[in-house]
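Undergrad: structure, please.
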Amino acid sequence: MWPVEPPANLEIAQHSIPAPADSLRPSYAPTPHVLPTLPTAGEVRGERALSVGAARLWGILHDLALHVARHRGHTAAPVSITFHLPAVILAAVAGYSERHTYRLADELRHAGLLDERGHVAQVGKLRRYDGTLWAVALRPDARPRLRWFDFRHDWRPDFATEYHGEQGAWREVQAVMSEPLTLEGQAERLQGIARTWAAATRTPKTPAEGGSDMCPGATLHAVAYALPGLLHLPPRQRHREVSRLAADLAHALNEPGRLKQWAGTIYTALSAENEQRPGLHVLALQLARLAADLAEGAPWRNPGAVLAARLR
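TA: Below is the predicted model of the structure:
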């Protein structure tokens with residue numbers, strides 16, 4: 001006998017009772033993303049003697065490097081930061097001509113604070129200048145130097161469209177200059193444009209390149225993004241690229257002693273692609289899956305072992 005009248009939707013009410021707490025899937029808080037404390041421009045410069053113009057340009061470049069480092073998600077203070085920025089934008093921010101900006105950049109290079117060089121892009125059958133690469137020191141003992149893979153990266157994937165449409169950095173700077181703004185307003189707008197171009201955020205098709213000192217998820221995504229490009233490289237360049245990707249993967253997984261094993265994994269995936277079987281695509285998907293798991297706080301002591309088990 002029911003002491004009181006049972007509810008008509010007894011079955012629904014029973015199913016609506018929450019499960020005991022011990023039967024629920026445990027959830028782990030994601031690892032907090034802690035940004036490093038980076039030295040100031042004066043701390044990196046130290047006792048180096050610079051002219052007034054070079055000191056001003058160094059402060060602007062260092063500020064851009066800090067912005068790019070925070071945007072890319074570095075969890076350790078990098079030795080240097082490399083970014084792509086047309087010289088016309090940097091000259092407009094500094095208030096100098098492009099020729100004088102390059103003279104001041106030469107002074108900073110001799111002082112050991114940066115390395116810079118023009119970058120070219122392919123437009124049909126032609127190669128055209130699309131901007132300048134800047135490697136800026138972020139530590140007092142750093143000697144920044146541009147690497148070969150910095151020149152191979154597609155920093156401006158929409159450059160061909162901008163080139164034929166007569167658009168790009170110069171037009172963007174001229175548009176700001178023609179607006180009825182105060183000097184302070186123009187300076188803020190130009191600085192915002194420089195930060196946007198340097199961080200490669202104006203075109204979502206250009207992800208930031210991964211580095212060995214970036215957070216694990218960003219590095220794994222960068223390796224996954226670079227894997228399909230191995231098919232289009234000559235054999236000698238392919239070996240270099242595989243070694244670089246294996247080193248980044250070993251560093252992201254905190255396994256410096258397994259560089260050869262991860263290089264062998266990449267070569268196995270490459271051989272599968274050459275045999276018309278899914279190889280690099282599968283490896284890239286597994287890296288993206290592992291990056292997502294780590295971002296959600298997966299409690300694994302050895303993520304490399306998890307990745308190796310999934311690839312079997």
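Undergrad: wait, isn't residue 271 in contact with residue 278?
TA: No - contact between residue 271 and residue 278 fails when scored by C-beta atoms under 8 Å: they sit 12.0 Å apart. C-betas here are computed from N, CA, C, even on glycine.
Undergrad: centre of the chain to the strand ranked longest in the chain, how far?
TA: Looking across the chain with DSSP state E, the single longest strand is strand 126-137. The chain centroid and the centroid of strand 126-137 are separated by 16 Å, computed with C-alpha atoms, centre = their mean, to the nearest Å.
Undergrad: next one: stretch 41-50
TA: That offset, for stretch 41-50, works out to 27 Å (C-alpha atoms, centre = their mean).
Undergrad: give the buried residues for it.
TA: 41, 44, 45, 48, 50 (16 or more other C-beta atoms under 10 Å).
Undergrad: one more: stretch 247-259?
TA: Buried, per 16+ other C-beta under 10 Å, within stretch 247-259: 247, 248, 249, 250, 251, 252, 253, 255, 258, 259.
Undergrad: in strands, which of the residues you listed appear?
TA: Filtering the buried residues of stretch 247-259 for strands - DSSP E - leaves nothing at all.
Undergrad: return the member of the residues you listed nearest to residue 141.
TA: Within the buried residues of stretch 247-259, proximity to residue 141 (C-beta to C-beta) peaks at residue 251, which comes in at 20.7 Å.
Undergrad: my guess is the closest one meets residue 219, correct?
TA: Yes - with contact defined as C-beta under 8 Å, residue 251 reaches residue 219; the gap is 7.0 Å.
Undergrad: for this protein, what spans make up the helices?
TA: 10-15, 41-45, 52-72, 87-94, 98-110, 148-152, 159-164, 169-177, 183-198, 216-226, 235-252, 259-274, 280-295, 303-310 (DSSP state H).
Undergrad: what would these look like in JSON lines with mean pLDDT and distance to residue 135?
TA: Formatted as JSON lines, the helices of the chain follow (pLDDT from 0 to 100; distance: least, C-beta to C-beta, whole Å):
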{"stretch": "helix 10-15", "mean pLDDT": "44", "distance to residue 135": "62"}
{"stretch": "helix 41-45", "mean pLDDT": "90", "distance to residue 135": "13"}
{"stretch": "helix 52-72", "mean pLDDT": "90", "distance to residue 135": "9"}
{"stretch": "helix 87-94", "mean pLDDT": "89", "distance to residue 135": "14"}
{"stretch": "helix 98-110", "mean pLDDT": "91", "distance to residue 135": "10"}
{"stretch": "helix 148-152", "mean pLDDT": "80", "distance to residue 135": "8"}
{"stretch": "helix 159-164", "mean pLDDT": "69", "distance to residue 135": "21"}
{"stretch": "helix 169-177", "mean pLDDT": "70", "distance to residue 135": "19"}
{"stretch": "helix 183-198", "mean pLDDT": "80", "distance to residue 135": "12"}
{"stretch": "helix 216-226", "mean pLDDT": "73", "distance to residue 135": "18"}
{"stretch": "helix 235-252", "mean pLDDT": "79", "distance to residue 135": "17"}
{"stretch": "helix 259-274", "mean pLDDT": "85", "distance to residue 135": "25"}
{"stretch": "helix 280-295", "mean pLDDT": "83", "distance to residue 135": "26"}
{"stretch": "helix 303-310", "mean pLDDT": "83", "distance to residue 135": "30"}
